[in-house]
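In: 3D, please:
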Amino acid sequence: MVSQKVGAWIARLGWVWVDGQIAQISRRPGASTVFLTLRDPSADLSLTVTTNRDVLDAGAPELSEGARVVLHAKPEFYAARGTLSLRADEIRQVGLGELLARLEKLKKLLAAEGLFDRARKRRPPFLPGRIGLITGRASAAERDVLTNARRRWPAVEFRTINVAVQGPSAVPDIVGALKVLDADPTVDVIIIARGGGGIEDLLPFSDEALCRAVFACRTPVVSAIGHETDTPLLDYVADVRASTPTDAAKRIVPDLAEEVRLIGQARSRLERAVRNLVDREQHRLDLLRSRPVLARPQVMVDQRATDVTALRDRAGRCLDHRLGAAGDDLRHTLARLRALSPAATLDRGYAIVQRGDGHVVRAASEVAKGDPLRVRLAEGELTATVDG
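Out: Prediction:
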């Protein structure tokens, strides 16, 4: 029952491209069907493949056992035996050139999407509180990173996650470890390290899923894969590319001895700068103190006191002159006012005659017989009545 359901599910699968190594080729004389054993060298797994003789012979160069191939096939499940096989309609021999071409195509795709953009790359902290390390268990890469980092800064802390660094489980293992370390708030930077190897050994580090996982990380990622000449796609996506695991330790962890030396140099420069500043200001003070005006300051005070006295006397004379001139002007003005004043005219015997309504009488025709009049003299007033 289970095998039938599995068979029905597999029967619904479409055609797929499968990469592997031909372990065995079985040809039967006169038969049009050829049986192949396809092996995954990194996982030690094998699978039976059936194909037409013409499909096999169409390969150029001629396919042989041990050849690396990519075949277009459809999965088939035999319920009676519970086995899975592939039926291929196209087989291509994979050489290094084709593998590199596939990587180059993926590289261009990721670059076009901005995964290699330098503007988004982050600088790791100068002194990370904790470093995440993803590498193979008990590997030379792990030893190189830890040894060199602790030699440079003995107090450095690591959180190490060991993973498969080649084979089918490498990519999911590395991606899973990456997510764990990226979610750890104590991890300031993540190093992905592996020793050298062939192009096929380093293929997991050019995997599209891994590249996208690194791009999505919030924590800075350092790629330390292989030797200096090895350049997987991870190097382009990572925030920092280290040529070797040892180089990664040098790039991420400062050298304590070197930092102490630099601090000593900076302190010496600061001391010299302060000493030079003090000496310069002391020299300026000495120059000021040597001036005559500062050697005998009372001379300047006496000179200024003489100037102040002269200015005060001059101001006093100027004020007296102005006050005298103003007094003369005032007396002349008062004299003119007195000469023009009506009171002065009255003093000479004249009088001002007004009718009862206050109108000043200037002619006899302005009054009539019997009108009351008021006569204003220099001293006092009189009342009168017009008789005729």
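
In: for the rest of this, base every contact and every neighbour count on C-alpha atoms.
Out: Noted.

In: so which bits of stretch 35-48 are buried?
Out: Phe35, Leu36, Thr37, Leu38, Arg39, Asp40, Ser46, Leu47, Thr48 (16 or more other CA atoms under 10 Å).

In: wait, a helix at the first one?
Out: No: applying DSSP: H, G, I helix; E, B strand; the rest coil, one finds Phe35 to be strand, outside a helix.

In: and Val18, helix, strand or coil?
Out: Reduced to three states by three-state DSSP, Val18 is strand.

In: brain fart, Thr48
Out: strand.

In: now Leu86
Out: Using three-state DSSP, the structure places Leu86 in strand.

In: residue contacts, the nearest residue to Leu127 once chain neighbours are set aside?
Out: Among residues not flanking Leu127 along the chain, Val253 sits closest, at 6.3 Å (CA to CA, 6 or more residues apart in numbering). Val253 sits next to Phe126, Leu127, Pro128, Ala149, Arg152, Trp153, Val156 when contact means CA atoms under 8 Å, 6 or more residues apart in numbering.

In: got it, and Ala351?
Out: Residues in contact with Ala351 (CA under 8 Å, 6+ apart) are Val375, Arg376, Leu377, Ala378.

In: which secondary structure element is home to the first one?
Out: If I follow you right, that is Val375. strand 372-376 (DSSP states H and E).

In: elements contacting that strand?
Out: Strand 372-376 sits against strand 352-355, strand 381-385, with contacts defined as 3 or more CA pairs under 8 Å, 6 or more residues apart in numbering; DSSP states H and E.

In: so for that strand, what's the average pLDDT?
Out: The average pLDDT within strand 372-376 is 87.

In: who does it pair up with?
Out: strand 352-355 (antiparallel), strand 381-385 (antiparallel) (DSSP bridges).

In: outside of the longest one, which residues touch it?
Out: When contacts are taken as CA under 8 Å, 6+ apart, the neighbours of strand 381-385 outside the stretch itself are Lys369, Gly370, Asp371, Pro372, Leu373, Arg374, Val375, Arg376.

In: give the buried subset of those as a ChimeraX selection command.
Out: Only the buried entries of those go into this ChimeraX selection, using 16+ other CA under 10 Å:
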select :372,373,374,375,376
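
In: out of the contacts of strand 381-385, who's nearest Thr229?
Out: Among the contacts of strand 381-385, Arg376 lies closest to Thr229 (CA to CA), at 132.0 Å.

In: which residues of this protein fall in helices?
Out: 2-11, 53-57, 96-112, 140-152, 170-182, 208-216, 234-237, 245-252, 256-289, 292-295, 297-340, 342-347 (DSSP state H).

In: flag every buried residue along the second one.
Out: Neighbour-count burial for helix 53-57, counted by 16+ other CA under 10 Å, picks out Val55, Leu56.

In: who does it touch, helix- and strand-wise?
Out: Judged by 3+ CA pairs under 8 Å, 6+ apart, helix 53-57 is in contact with strand 33-40, strand 83-93.

In: other SSEs contacting the longest one?
Out: Meaning strand 83-93. Counting by 3+ CA pairs under 8 Å, 6+ apart, strand 83-93 packs on strand 45-52, helix 53-57, strand 68-78.
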